[in-house]
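A.B. asks: After the sequence you'll find the predicted model.
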Amino acid sequence: MAHFMVYWPQDRVDELKKAGDTGPIKVVFGSIHSRMPTIASIKVGDVVFPVTLAKKKLYALARLPVTHRERAFDYCMRELGREYGALTPEGVAVEYAEDFYVTAGGSFRGIENVPKQLQIIRQTEKPHAKHQEPFNCCSQWAVWGEEGTSILPRLVPEECVPLLRFGYPKSKEKELRLDKNGNVLSTSLTATRRMSEETAEIFDSLFL
């Protein structure tokens, strides 16, 4: 089992607050873009913590034990009914509007123009929580589980921040980058990061 930290920008947190979405957390997405970085390293059996920065303080938002890992597209179509910007897999044509279809390699106007070997998928919105929508386009993977916590800001104690270490193996662990006042720089959070055992213990303690 490994523990990972992923970053949710403040506008994402504001969206969830506006929607009244306090969880429990069900899913975390990763994309091919740095705003929602890849989660390809997260496997079934791992634990993932979304975090954010607010007024220069680091907060853990939720704890999600991962029991499933799949393409974001498959998760979104099954659970949400729409692809929400997830990468369309090969062999699929998604109906976006009446008689307009999008594939991994292009788009087609008119169902008669869609290659016969493609599976046509129609979108139908399903009830879901706001955090189940990817907050960036081109989401690639989804990791999810049924034992997630509520989504609420939990302050990482200031005295613990300098002790946090990330990386694997232990010889490659690094601390977060801090400013001269000891505040975490957002550039330290723009990648999915594997926690050291000691860091995982600190984060786990926030959810007791």
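C.D. replies: Yes, it's here. What you are looking at is a predicted structure, and each value in this text was computed from that prediction instead of being measured. Numbering: from 1, shown residues only.

A.B. asks: got the residue ranges for the helices in this structure?
C.D. replies: Taking DSSP state H, the helices of the chain run over residues 10-19, 72-79, 197-205.

A.B. asks: Out of those helices, which is closest to C137?
C.D. replies: helix 72-79 (10.5 Å; Cβ to Cβ). For the C-beta atoms, the positions are set from N, CA and C on the backbone; glycine is no exception.

A.B. asks: That closest one: how far from the chain's middle?
C.D. replies: With Cα atoms, centre = their mean, to the nearest Å as the basis, helix 72-79 stands 13 Å off its chain's centre.

A.B. asks: Can you give me every residue that contacts the residue nearest to K174 when sequence neighbours are not counted?
C.D. replies: Nearest residue to K174, sequence neighbours excluded (Cβ to Cβ, 6 or more residues apart in numbering): G167, at 5.3 Å. For G167, the contact set (Cβ atoms under 8 Å, 6 or more residues apart in numbering) comprises 173-174, 193-194, 196.

A.B. asks: between the residues you listed, which has the most around it?
C.D. replies: The residue in those with the most neighbours, by other Cβ atoms under 10 Å, is R193 (24 neighbours).

A.B. asks: Isn't that residue up against H3?
C.D. replies: No - checked against Cβ atoms under 8 Å, the pair R193 and H3 is beyond contact range at 9.7 Å.

A.B. asks: With respect to F29, which of the contacts of G167 is nearest?
C.D. replies: Closest approach between those and F29, by Cβ to Cβ: R193, at 16.3 Å.

A.B. asks: list the contacts for the nearest residue to the closest one once chain neighbours are set aside?
C.D. replies: What sits nearest to R193 in space, not counting adjacent residues and going by Cβ to Cβ, 6+ apart, is F166, at 4.0 Å. Each residue near F166 by Cβ under 8 Å, 6+ apart is listed here: 5, 173-176, 193-196, 199.

A.B. asks: who does F166 bridge with?
C.D. replies: Beta-bridge partners for F166, by DSSP bridges, are K174, M195.

A.B. asks: Next, format the contacts of F166 as CSV and append distance to W144 and pLDDT.
C.D. replies: Shown next, in CSV, are these (distance: Cβ to Cβ, whole Å; pLDDT from 0 to 100):
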residue, distance to W144, pLDDT
M5, 17, 98
E173, 28, 95
K174, 29, 95
E175, 30, 95
L176, 27, 96
R193, 20, 97
R194, 19, 98
M195, 20, 98
S196, 25, 98
T199, 23, 98
